[in-house]
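>>> predicted model and sequence follow; I will ask about them next.
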Amino acid sequence: MDLHFGDSKPTDEERAAVDALLGPPESSWEGADRSDADLRWARGGREARDRRDLLLPGLHAINDRIGWISDGALDYLCRRLTVPPAEAYGVATFYAMFSVKPRPATVLQVCTDLACAASGAPELCTGIEARLGLGSGVTVERSPCLGLCERAPAALAIRAGDPVRTAVSAPATVERAVLAASAPDSAPEEPPAALAVPQAGQDGLMLLQRVGLGDPASLDDYRAHGGYTALRRAFELGPAGVIREVTDSGLVGRGGAAFPTGRKWQATASQPDHPHYLVCNADESEPGTFKDRVLMEGDPYALVEAMTIAAYATGAHRGYLYLRGEYPRALRRLEHAIAQARARGLLGDDVLGQGYAFDIEIRRGAGAYICGEETALFNSIEGYRGEPRSKPPFPVEKGLFGKPTVENNVETLVNVLPILTMGAPAYAAIGTQRSTGPKLFCVSGSVERPGVYELPFGATLGELLTLAGASEGLRAVLLGGAAGGFVRADELDIPLTFEGTREAGTTLGSGVVMAFDDSVPLPRLLLRIAEFFRDESCGQCVPCRVGTVRQEEALHRIVERAGADAAGDITLLREVGRAMRDASICGLGQTAWNAVESAIDRLGAYE
């Protein structure tokens, strides 16, 4: 059965939320209440269809103002954008942060993922629910990773209204979380981003050098600490010169795929089809990852400058910054930084007086891990379900809106600044021959000093954990997050490089390092990983859609039959894991079995 425009009408608040984004409707076809309008033909339909990419911001506008998306509100938004209601419903129900059913205006998301689970998140949820009780006007939701792993356990309160209000509680207690939900304006402020950087202020830092040294809201402070030196250097070199420097530096993507950045930029820049687009992937949703959040909160102008350089090199005049919906402070910091850069001539029609036009638009995600995959991210921006596309064609040929697109994550882009200021040879001399430059690592779990650490490639896992103060009873370390793999406590001499971890039979991924001691029940941890992949699978392909469910079911049986023979279910897990790895469309299904496999083979999880 298809969905059609129904008889449901938007409330005045819902209509106002949509109109604040799109402007007032011009005809009854779009929902205007005019007695002389004629509905026998549509006016402006083509123009409205060209605004399909505003569907996700429109859903955010309604959800932010009301707290949920009613049939009437969805129908009104669909009329404004000429989007079929069935398609819009499919988009609205794709994202975890939206609700198409009535719910209270306040939602309290309590992270139950790996770092928080090891820090007592299940007990925290139980305590919060008992304290709030029924009729509290607060919905408590068990959430995947909120990107606050250094302050686990964590909770995020969101209260709908005009404006929407948010409050973060981390580390959360029952009292703090309830206060954040019941009075978000009265909740204590978050600690500065520098507290997530144990090395803050130390000499020799490149990517984290400004975090904690100045006011992250001040453009003048940023420039006083070397900001916009790299962009001026880029204009001296020209687009081809910038790409040559990035290529010679050996920089590869820091999101986990490790694709050479210079090759990606060159492939995009050489495409004859125009316009070109730049997309910054700031949707870091991998459990245990929070480095991009710290960069955006502690040094937002660095990302604005780096995006401008990348766009200049690849011939793009418009950039999209796709930001996690669970990062309210990063959103505020970046909105302010972009506005200040625009006001000072560092974005806009004539950047730095060089005759180059470039501007940035922020697009908020809404709770979908899969949108970290680049083509799923493109679909999300365009107003479709965030499902990955088949390749080829590759994004450098047909990416966002079907045009050549370069996509990089936050850490990758910020690396471009020291490359241009110090030169490619000096940058390439850092690290190893095949993994050059510095790398950010997100350390959490059973350590005394969790946070973001910057080390040159080639440092060992043991050296990093010594800096972080790992527990003496260390049992295992998870590298790469839920999509990564476990290593034993006697394997800490693994070099932290892409090639070193690969040779050791694991992965570096995006830089997640989660330490677990004997107090953490490993079977429950693996079950949480399986639950995560089941929930986050987009459902587009059968191997992942079915395989993640079968994996979770088998792990449930093993946990429930503690001490019984698990050989049959382990055999099933291996078969399902191979099928997902070989036949899934994207990396989610291809890596969903990695952590469980490594725990069985390296840690003897069920022996």
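Thanks, I have it.
>>> what average pLDDT does stretch 268-288 get?
The average pLDDT for stretch 268-288 rounds to 97.
>>> where exactly do the strands run in the stretch 301-450 of the chain?
In the stretch 301-450 of the chain, the strands defined using DSSP state E, counting those that start in this stretch lie at 316-323, 359-364, 405-409, 438-445.
>>> worst-scoring helix or strand of the chain, pLDDT-wise?
Considering only helices and strands, the least confidently modelled element of the chain by mean pLDDT, DSSP states H and E is helix 45-49, at a mean of 66.
>>> which is the next helix or strand following it?
Once the chain leaves helix 45-49, the next helix or strand it forms, by DSSP states H and E, is helix 55-66.
>>> circling back: Throw the strands of the stretch 301-450 of the chain into a markdown table and include mean pLDDT, thanks.
Formatted as a markdown table, the entries for the strands of the stretch 301-450 of the chain read as follows, by pLDDT from 0 to 100:
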| stretch | mean pLDDT |
| --- | --- |
| strand 316-323 | 98 |
| strand 359-364 | 98 |
| strand 405-409 | 98 |
| strand 438-445 | 97 |
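>>> so which of those strands gets nearest residue 399?
Taking CB to CB as the measure, these were each checked against residue 399, and strand 405-409 came out nearest at 2.7 Å. The C-beta positions use only the backbone N, C-alpha and C, and glycine is treated the same way.
>>> chain center to the closest one: distance?
14 Å (CA atoms, centre = their mean, to the nearest Å).
>>> pairing partners for it, with directions?
When sheet partners are counted by DSSP bridges, strand 405-409 sits next to strand 276-282 (parallel).
>>> which neighbouring elements make contact with the next helix-or-strand element following the strand it pairs with?
Of the helices and strands lying after strand 276-282 in sequence (DSSP H and E), the nearest is helix 291-298. With contacts defined as 3 or more CB pairs under 8 Å, 6 or more residues apart in numbering; DSSP states H and E, the secondary structure elements packing on helix 291-298 are helix 300-314, helix 328-343, helix 410-422, strand 438-445.
>>> quick one: contacts of helix 291-298?
With contacts defined as CB atoms under 8 Å, 6 or more residues apart in numbering, helix 291-298 is touched by 147-148, 192-194, 196-197, 207-208, 210-212, 216, 282, 284, 302-303, 323-324, 327, 329-330, 333-334, 409-411, 414, 440-442, 452, 510-511.
>>> distance from the chain centre to it, please.
If you compare the mean C-alpha spot of helix 291-298 with that of the full chain, they lie 11 Å apart, counting by CA atoms, centre = their mean.
>>> sorry, back to before: okay, the strands of the stretch 301-450 of the chain in TSV with distance to residue 203 and mean neighbour count next?
As requested, these are arranged in TSV below (distance: least, CB to CB, whole Å; neighbours: other CB atoms under 10 Å):
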stretch	distance to residue 203	mean neighbour count
strand 316-323	31	22
strand 359-364	32	18
strand 405-409	27	26
strand 438-445	13	26
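>>> got JSON lines for the helices and strands packed on helix 291-298, with distance to residue 496 too?
Conversion of the helices and strands packed on helix 291-298 to JSON lines gives the following (distance: least, CB to CB, whole Å):
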{"stretch": "helix 300-314", "distance to residue 496": "23"}
{"stretch": "helix 328-343", "distance to residue 496": "26"}
{"stretch": "helix 410-422", "distance to residue 496": "14"}
{"stretch": "strand 438-445", "distance to residue 496": "7"}
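>>> relative to residue 237, which of the ones you listed is closest?
Taking CB to CB as the measure, these were each checked against residue 237, and helix 410-422 came out nearest at 7.6 Å.
>>> packing partners for the closest one?
With contacts defined as 3+ CB pairs under 8 Å, 6+ apart, the secondary structure elements packing on helix 410-422 are helix 229-249, strand 276-282, helix 291-298, helix 300-314.
>>> let me have those in TSV, extended by distance to residue 550.
Rendered in TSV, the data for the helices and strands packed on helix 410-422 read as follows (distance: least, CB to CB, whole Å):
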stretch	distance to residue 550
helix 229-249	43
strand 276-282	30
helix 291-298	32
helix 300-314	40
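>>> nearest to residue 158, out of those?
Of all the helices and strands packed on helix 410-422, it is helix 291-298 that lies closest to residue 158, at 16.7 Å by CB to CB.
>>> now the closest one: mean pLDDT?
Confidence over helix 291-298, taken as the mean pLDDT, stands at 98.
>>> returning to what we had before: go through the helices and strands packed on helix 410-422 and name the closest to residue 392.
The closest of the helices and strands packed on helix 410-422 to residue 392 is strand 276-282. By CB to CB, the value is 17.9 Å.
>>> buried set for the closest one?
Within strand 276-282, the residues scored as buried using 16 or more other CB atoms under 10 Å are 276, 277, 278, 279, 280, 281, 282.
>>> now stretch 231-248
Neighbour counts using 16+ other CB under 10 Å place 231, 233-235, 237, 239, 242-248 of stretch 231-248 among the buried residues.
>>> could you do stretch 140-149 as well?
Buried residues in stretch 140-149, defined by neighbour count with 16+ other CB under 10 Å: 140, 141, 143, 144, 145, 146, 147, 148, 149.
>>> what of stretch 403-423?
Neighbour counts over stretch 403-423 (16+ other CB under 10 Å) mark 403-420 as buried.
>>> my read: residue 465 touches residue 492, true?
Yes: applying CB atoms under 8 Å as the test, residue 465 and residue 492 come out as touching, 6.4 Å apart.
>>> between the two, which contacts overlap?
Shared contacts of residue 465 and residue 492, defined by CB under 8 Å, 6+ apart, comprise residue 477.
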